[in-house]
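Colleague: What follows is a predicted structure for the sequence shown.
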Amino acid sequence: MPLETKLNIADPDGFYQELIDSQRDMEEADAELMNCKLVLLLANHIGDRDILREALKHAGGRIG
Amino acid sequence: MLKTYQYPKFGYTPSDEQASGRIRRHQVVVIGAGPIGLTAALDCAYRGLEAVVLDDNDTVSIGSRAVCYAKRPLEVWDRLNCGERMVDKGVGWKLGRVFFRDRESYRFDLLPEPDHKMPAMINLQQYYLEEYMIAEIAKQKTIELRWKHKLISLKQADDHVVLTVETPSGIFTMEADWVIACDGANSDVRKMVNAEFTGRFFQDRFLIVDVVMKAEFPAERWFWFDPPFHRHQSALLHKQADDVWRLDFQLGWDADPVEEKKPEKVIPRVRAMLGDDREFELEWASIYQFACRRIDNFRYGRVLFAGDAAHQVSPFGARGANTGVQDIDNLAWKLKLVVDGVAPIGLLDTYNEERAFAADDNLLNSSRSTDFITPKSPTSRRYRDAVLELAESHDFARPLVNSGRLSTPTPYVHSSLNTPDMAPFHGRMVPGTNCDDAPVTIAGKPGWFLNAIGDGFVVLTFGAAPSREVAFGKVKARVISVGDDLIDVKGTLAARYDARPGTTYLIRPDQHVAARWRSFDPTTIERALARAIAA
């Protein structure tokens, strides 16, 4: 199964607002730490190394 | 400075060959009397090779240095008759705790499997380890240990090596059929053969301190990330023998290595960690930095590299001395067969094949730990901190915490010496893997499986043995029948080796599986034996 790049989230505007709101009053450093936790939590949920590698590429990361 | 340990001084003795000026040819010359060189000498003696060890110093390791010894090296030292003494003196431990700032992030248990003679891990100061091996060497007629002998040049001839050596009496020449270079990370021998030694260098400094104190802390490995007493860096506390404790502080690259070693700098750091009320005495302090790199080939003609001379790793994971001992375990039996002319010289190239493979595995693990412990960018630090915070409450994050993956042997799964399986097997004992131990009885007496093998090739068969020996040319494999020669009292051996009646293993002299089958077929075993000696 390839990385889903078509919209897969119901109510995209609502999700985006929720994401921004979740960090609205945070210090920058706390928000960055939260982002890292979020990546780790979601990565673990996905689990599939091929999909994770594809996502790293789509995000502009360098793959060895 | 040391209060708990009296350093022995080994006197310099001028050798007859230097005094007489007659050049002698030695079978094996080992360069360096550290843990790996001493192991090399003992394993040479065990295999039936004569060895001379040269060391430019005249005592054991100054300071405790290497501290953690894992099961496999302990098994090798047990084969060499030193393992029990080390275990008796050492501190056994199995619990590791990881702290992030002021909270415990998680704890790990090495969960040692029962029914192995040797424990999962012990802590012991390096000087004890060396002292015990030197005591064992003194009992061996075929080992000569020469202190204050410094190698100053080395030249390879067609069928031997010419060594120029400096002693307090002057300079003289020796010859060796084979040289085992165990002269550490800054190996002179490596430079003398122009070998490449490449990898990653880490820009960080660490302070290691041994203190003597009476403390009720349990024998556990405590590792802190960014603790309140040492902000933004890591720290480690570990127990050794004689109430000596190893403390380790990450200092960062800007730290001054000379200043930081001074007691007036060290003591406040220790006090911050242990609390103001704790009484302690400083025993030894050192500053280190490290690299992860390895030599391009473990064999240069008649010079064979082992230990830190061949590969240098970070200290996280106790992979230095532990892997060096396994280099020797792999090398000595091969060297003996080549010296005896019963195996082709190509067998020695499999030393590079198998141990470079293991070194790369160690370097990978060591580099990963280092990247976790000393993040190289603000973002990688943030990921590291995120893992540590999540680990406290989230199961999935715990295996991501990397304060050092403790040394375990690397199976030689791709080795050209292995005979691939023809029948399905379960369990760990795939060809190329070091043999698991198990309790057995031999002639009615309780003992251990690994103590019953290791002196040569062994054919282990579960059930009646159709013959007592299998041979290829002059290389013989002794047949051991489970049920006859030894009794598998608890069934552990059969379980670990996934055995049924007829199951047969070919085991190498270094206690690694070479091949296995579901029945005993002498022709097939002979072919696997030939393969296992690169014939």
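Modeller: Nice, I can see it.
Colleague: hey, let's count contacts and neighbours off CA atoms from now on
Modeller: OK.
Colleague: What's the biggest helix in the chain, counting residues?
Modeller: Using chain A. helix A:28-46 (DSSP state H).
Colleague: Chain B, not that one
Modeller: For chain B, the helix that runs over the most residues, judged by DSSP H, is helix B:349-373.
Colleague: How much space separates residue B:135 from residue B:60?
Modeller: Per C-alpha to C-alpha, to the nearest Å, residue B:135 is found 12 Å from residue B:60.
Colleague: These two: which has the busier surroundings?
Modeller: residue B:60 (21 against 11; other C-alpha atoms under 10 Å in any protein chain shown).
Colleague: I figured the more buried one was touching residue B:131, is that so?
Modeller: Yes - between residue B:60 and residue B:131 there is a contact under C-alpha atoms under 8 Å: 6.7 Å.
Colleague: got any ranges where the chain has weak pLDDT?
Modeller: Just so you know, I chose chain A. Residues of chain A meeting the criterion pLDDT under 70: none.
Colleague: that answer is for a different chain, and I need it for chain B
Modeller: In chain B, residues with pLDDT under 70: B:1-2.
Colleague: Show residues contacting the longest helix of chain B.
Modeller: B:225, B:234, B:292-294, B:297-299, B:311-317, B:319, B:323, B:327, B:330-331, B:334, B:384, B:401-405, B:407, B:409-412, B:415-417 (C-alpha atoms under 8 Å, 6 or more residues apart in numbering or on different chains).
Colleague: Of the residues you listed, just the buried ones, PyMOL syntax please.
Modeller: In PyMOL, a selection of the buried entries from the contacts of helix B:349-373 looks like this (16 or more other C-alpha atoms under 10 Å in any protein chain shown):
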select buried, chain B and resi 225+234+292+293+294+297+298+299+311+312+313+314+315+316+317+319+323+327+330+331+334+384+401+402+403+404+405+407+409+410+411+412+415+416+417
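Colleague: From the contacts of helix B:349-373, which land in strands?
Modeller: Among the contacts of helix B:349-373, DSSP state E puts B:225, B:234, B:292-294, B:299, B:311-312 in strands.
Colleague: Residue B:54 and residue B:165, how far apart?
Modeller: Taking C-alpha to C-alpha, one finds residue B:54 at 9 Å from residue B:165.
Colleague: circling back: quick one: the longest helix of chain B to chain centroid distance?
Modeller: 13 Å (C-alpha atoms, centre = their mean, to the nearest Å).
Colleague: How about stretch A:21-35?
Modeller: Taking C-alpha atoms, centre = their mean, one finds the center of stretch A:21-35 at 14 Å from the center of the full chain.
Colleague: ok, back up a step: can you list the residues that contact the longest helix of chain A?
Modeller: Counting by C-alpha under 8 Å, 6+ apart, A:23, A:52, B:382-383, B:385-387, B:390, B:396 sit against helix A:28-46.
Colleague: Next, the buried residues of that helix.
Modeller: A:32-37, A:40-41.
Colleague: Spatially central residue in chain A, please.
Modeller: Here the mean C-alpha position of chain A is nearest to the C-alpha of residue A:39 (C-alpha atoms, centre = their mean), at a distance of 5.3 Å.
Colleague: if we can go back for a sec, angle of the next helix or strand after the longest helix of chain A against helix A:28-46?
Modeller: Next in sequence after helix A:28-46, counting helices and strands by DSSP states H and E, comes helix A:49-58. In terms of direction (axes from the mean of the first three to the mean of the last three C-alpha atoms, to 10 degrees), helix A:49-58 departs from helix A:28-46 by 140 degrees.
Colleague: What helices and strands are in contact with helix A:49-58?
Modeller: Applying 3 or more C-alpha pairs under 8 Å, 6 or more residues apart in numbering or on different chains; DSSP states H and E, one finds that helix A:49-58 contacts no other helix or strand.
Colleague: Run the chain-centre distance for it.
Modeller: In this view, helix A:49-58 has its centroid 12 Å away from the chain centroid, taken as C-alpha atoms, centre = their mean.
Colleague: How about residues contacting it?
Modeller: A:1-3, A:43, A:46, A:62-63.
Colleague: Provide the backbone phi and psi angles at the closest residue in space to residue B:192 that isn't next to it in sequence.
Modeller: Nearest in space to residue B:192, with sequence neighbours left out and distances taken as C-alpha to C-alpha, 6 or more residues apart in numbering or on different chains, is residue B:154 at 6.3 Å. Residue B:154 has phi and psi values of phi -140, psi 130 when expressed as degrees, to the nearest 10.
Colleague: Helix, strand, or coil at residue B:218?
Modeller: Three-state assignment for residue B:218 (DSSP: H, G, I helix; E, B strand; the rest coil): coil.
Colleague: Near it, how many other residues are there?
Modeller: When counting by other C-alpha under 10 Å, one arrives at 11 neighbours for residue B:218.
Colleague: same question, the one 3 residues further on
Modeller: Taking other C-alpha under 10 Å as the criterion, the count of residues near residue B:221 is 18.
Colleague: And for residue B:481?
Modeller: Residue B:481: 21 neighbours (other C-alpha under 10 Å).
Colleague: my guess is it meets residue B:458, correct?
Modeller: No - using C-alpha under 8 Å, residue B:481 is not in contact with residue B:458; the gap is 10.2 Å.
Colleague: Quick check: neighbours shared by residue B:54 and residue B:165?
Modeller: With C-alpha under 8 Å, 6+ apart as the test, residue B:54 and residue B:165 both reach B:149-151.
Colleague: Identify those among the residues you listed that sit within strands.
Modeller: Per DSSP E, the subset of these in strands is B:150-151.
Colleague: Top of the shared contacts of residue B:54 and residue B:165 by number of neighbours, please.
Modeller: Of those, with other C-alpha under 10 Å as the count, residue B:149 tops at 26 neighbours.
Colleague: check contacts around that one.
Modeller: Applying C-alpha under 8 Å, 6+ apart, the residues near residue B:149 are B:54-57, B:165-167.
Colleague: cool, residue B:511 as well?
Modeller: B:434-435, B:450, B:453-454.
Colleague: One more: residue B:298?
Modeller: For residue B:298, counting by C-alpha under 8 Å, 6+ apart, the contacting residues are B:304-306, B:310, B:351-352, B:355-356.
Colleague: Could you count how many residues lie near residue B:67?
Modeller: Residue B:67: 21 neighbours (other C-alpha under 10 Å).
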